[in-house]
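Colleague: My questions concern the predicted model and sequence given below.
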Amino acid sequence: MIIDLILDRKGGSSYTAKKFYDNVMAYEEGTDYKISRALDGGTEEDVRKALCDYIIRNDYNPKICNYINKVTWLEDEATSKELNESLSMFDEYNKFLDNEKVQNTIISNDYVREQIISALEGLVKELEDTIGNYKKLDKELKL
């Protein structure tokens with residue numbers, strides 16, 4: 001039964017949208033296919049509405065709709081988990097960057113880098129001048 005699929009997922013069973021769709025199609029055979037149609041061509045809201053209508057129509061506990069409305073039904077659970085993990089890592093990275101020591105280190109490293117670039121540019125200029133002087137001297141000696 002479809003209620004079992006919902007409760008299994010709520011209980012922690014792994015979820016794939018394709019498997020859920022296939023099971024719903026099998027359970028809805030010979031009925032109005034409202035949930036299957038929502039899964040097949042609808043939005044998350046359409047699916048949630050069809051599932052909640054099913055819950056109410058069959059006199060199941062309406063609180064199950066709270067769960068139905070919290071999760072996505074059109075994508076695999078792993079996709080949602082991966083997105084949440086990525087967002088969590090992004091938040092941690094932002095917290096890391098907000099740390100005052102890190103900010104000071106970044107600023108300090110930028111300052112050091114600018115000093116090194118400035119020193120190297122000065123050395124390049126000196127080398128260019130020296131090469132220019134050698135070329136002049138070479139010309140004078142050839143005359």
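Modeller: It's in.
Colleague: Show me what the longest helix seen in the chain is packed up against.
Modeller: In the chain, ranked by residue count with DSSP state H as the criterion, the top helix is helix 100-142. Helices and strands touching helix 100-142, as assessed by 3 or more Cβ pairs under 8 Å, 6 or more residues apart in numbering; DSSP states H and E, are absent. Just so you know, the C-beta spots here come from the backbone N, C-alpha and C atoms, and that holds for glycine as well.
Colleague: what's the average pLDDT for that helix?
Modeller: Mean pLDDT, computed over helix 100-142, is 74.
Colleague: How far away from the center of its chain is that helix?
Modeller: Counting by Cα atoms, centre = their mean, to the nearest Å, helix 100-142 is centred 42 Å from the centre of its parent chain.
Colleague: Next: stretch 29-41.
Modeller: 31 Å.
Colleague: got the buried residues for that stretch?
Modeller: Across stretch 29-41, burial judged by 16 or more other Cβ atoms under 10 Å covers Lys34, Ile35, Ser36, Ala38, Leu39.
Colleague: give the contact list for Ser108.
Modeller: Counting by Cβ atoms under 8 Å, 6 or more residues apart in numbering, Ser108 touches no other residue.
Colleague: Look at Ser14 and give its secondary structure.
Modeller: The local conformation at Ser14, judged by DSSP: H, G, I helix; E, B strand; the rest coil, is coil.
Colleague: what's the neighbour count on it?
Modeller: Each residue near Ser14 was counted by other Cβ atoms under 10 Å, and the total is 10.
Colleague: Would you mind pulling the contact partners of stretch 23-32?
Modeller: For stretch 23-32, the surrounding residues in contact (Cβ under 8 Å, 6+ apart) are Met1, Ile2, Leu5, Tyr33, Lys34, Ile35, Ser36, Leu39.
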